[in-house]
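Student: got a sequence here, can you model it:
(2 chains)
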Protein chains: 2
Amino acid sequence: MPRAVREQQMLDAAVRTFGQRGYRAASMDEIAELAGVSKPLVYLYLNSKEDLFIACIRREAKALTTAVRAGVHPGLPADRQLWEGLTAFFTHTAQHPDGWTVLHLQARTHGEPFAAEVAALRADMVAFVTEVIVVAAREARRDPSLPEREVAGLAEALVGAAESLAAWANATPGVTARQAAATLMNFAWAGLGELMGGRPWAAPSGAEAVPAG
Amino acid sequence: MPRAVREQQMLDAAVRTFGQRGYRAASMDEIAELAGVSKPLVYLYLNSKEDLFIACIRREAKALTTAVRAGVHPGLPADRQLWEGLTAFFTHTAQHPDGWTVLHLQARTHGEPFAAEVAALRADMVAFVTEVIVVAAREARRDPSLPEREVAGLAEALVGAAESLAAWANATPGVTARQAAATLMNFAWAGLGELMGGRPWAAPSGAEAVPAG
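Tutor: Numbering: from 1, shown residues only, chains lettered A, B, ... in the order given. Just a heads-up that it's a prediction; the model follows:
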């Protein structure tokens, strides 16, 4: 069996074990057994538990961003781009629940170098959403009046909402990827749409809301 | 010095250390030194690193939910309740950044019993938001037509957005609690408001969006 194929089997086993047991509790014995190889071979190919975990994060992050970007047709109106991106995102996280757990939970709290790997993924998702919001603002001819910091905050909010919904959908039987995407579009897009139309939420006096006009 | 006061000093030091170093990397030596007490006294009062971490999670979770509930005046319209709750939430997370890191990042990935503690906090936040959405639906006389699962998904999305924005606001100089709350209201409320008004996002055919009527 070629080395590349064997490595993917090891990574499959590692993602599953890290996702279900957590990084610390996962054992190299268990990963080797699940992959159907000897433990020394895992060390020979992937060097250490730390390097194996990094390889898992990189593979899962790349698969997720590739799936989202492949799902989106550039040039469509902003809401269609967001709908397609969210549908691809929730479809991928539903099909790879252990990979999502590794990225969303495990990789963020065991310090460096793992946190930096997943921060790059998150920055990529925020950049995608920021671009969609900028396109939406352009469509609504509102770009000069939507401050950059407000756009950044909106993108962070949308990515956080998507992360939360992905975990919820994976834990709730019967919630499909399309339902999760539709719920988030209902939550977010109608809101962004109102905002782009110059109709922000009417804040009580004193709140620094985005300028309406 | 009374035991209760000393214990709070130990917890202050522990929250700061766990928040900045992470659960695994934090040392009991460092916590004792920061608290100005001997390490044996920390063990005498709080038993073990695990028990100390649980005590931190419980104290920070209780402080956060107490602050949010105290900030909300029941009986106000739903959007005002949400605005008040979000303002209290972002104010508290800005004032207690280490506590927020412990709850949002550290407590979720080191397995049980920590994950269960913070899951209870999250369930409490989701319940608060769910109640606001139900009030909004009642105000709009739409409660029979908004499916329970859609409400649950919207609440998960809003809590996830708030979690994400709190981390972003703490990491971005100059973003105030009121600005973060206003951004989330712009993002979420205009969207929920449209939804409650029977104007969901117009999904492409085949998407299982919430019924419009």
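
Student: what is the burial count for A:Arg21?
Tutor: Neighbour count for A:Arg21, taken as other Cβ atoms under 10 Å in any protein chain shown: 15. C-beta here means a position set from N, CA and C on the backbone, and glycine is covered the same way.

Student: for it, give me phi and psi.
Tutor: phi -100, psi -20 (degrees, to the nearest 10).

Student: check the one 5 residues further on too.
Tutor: When read as degrees, to the nearest 10, the backbone of A:Ala26 gives phi -60, psi 140.

Student: so it sits against A:Thr17, correct?
Tutor: Yes: between A:Ala26 and A:Thr17 a contact is recorded at 4.5 Å, counting by Cβ atoms under 8 Å.

Student: more neighbours: which of these two?
Tutor: A:Thr17 (25 against 21).

Student: quick check: which element contains the more buried one?
Tutor: Taking DSSP states H and E as the criterion, the element that holds A:Thr17 is helix A:3-21.

Student: mean confidence score for the top helix by length along chain A?
Tutor: Longest helix in chain A by number of residues (criterion: DSSP state H): helix A:114-139. For helix A:114-139, mean pLDDT rounds to 87.

Student: surely A:Val102 touches A:Arg21?
Tutor: No: using Cβ under 8 Å, A:Val102 makes no contact with A:Arg21, being 10.9 Å away.

Student: just to revisit the earlier point, ok, the longest helix of chain A near chain B or not?
Tutor: No: no part of helix A:114-139 sits close enough to chain B to count as contact by Cβ under 8 Å from any Cβ of the partner chain; the gap is at least 9.1 Å.

Student: after that helix, which helix or strand is next?
Tutor: Beyond helix A:114-139 toward the C-terminal end (DSSP H and E), the next one is helix A:148-171.

Student: report the angle between the axes of the helix or strand that that next one is followed by and helix A:148-171?
Tutor: Per DSSP H and E, helix A:148-171 leads on to helix A:177-184 as the next helix or strand towards the C-terminus. Put simply, helix A:177-184 runs at 140 degrees to helix A:148-171, going by axes from the mean of the first three to the mean of the last three Cα atoms, to 10 degrees.

Student: helix A:177-184 close to chain B?
Tutor: Yes: Helix A:177-184 is in contact with chain B by Cβ under 8 Å from any Cβ, via A:Arg178, A:Gln179, A:Ala180, A:Ala181, A:Ala182, A:Thr183, A:Leu184.

Student: show me what that helix is packed up against.
Tutor: For helix A:177-184, the contact count by 3 or more Cβ pairs under 8 Å, 6 or more residues apart in numbering or on different chains; DSSP states H and E identifies helix A:78-95, helix A:148-171, helix B:148-171 as packing neighbours.

Student: between those helices, which one is closest to B:Ala190.
Tutor: B:Ala190 lies closest, by Cβ to Cβ, to one member of those: helix A:148-171, at 11.3 Å.

Student: quick one: is the closest one near chain B?
Tutor: Yes: using Cβ under 8 Å from any Cβ, helix A:148-171 reaches chain B at A:149-150, A:152-154, A:156-165, A:168-169.

Student: mind listing what's buried in that helix?
Tutor: By 16 or more other Cβ atoms under 10 Å in any protein chain shown, the buried positions in helix A:148-171 come out as A:150-170.

Student: pLDDT (mean, whole number) over that helix?
Tutor: Here helix A:148-171 scores 91 as its mean pLDDT.

Student: same deal with stretch A:102-109?
Tutor: Here the average pLDDT along stretch A:102-109 is 84.

Student: and A:Glu131, what does it touch?
Tutor: A:Glu131 sits next to no residue when contact means Cβ atoms under 8 Å, 6 or more residues apart in numbering or on different chains.

Student: related to what we said a few turns ago, TSV for the helices and strands packed on helix A:177-184, including distance to A:Phe53?
Tutor: Below are these laid out as TSV (distance: least, Cβ to Cβ, whole Å):
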stretch	distance to A:Phe53
helix A:78-95	19
helix A:148-171	20
helix B:148-171	22
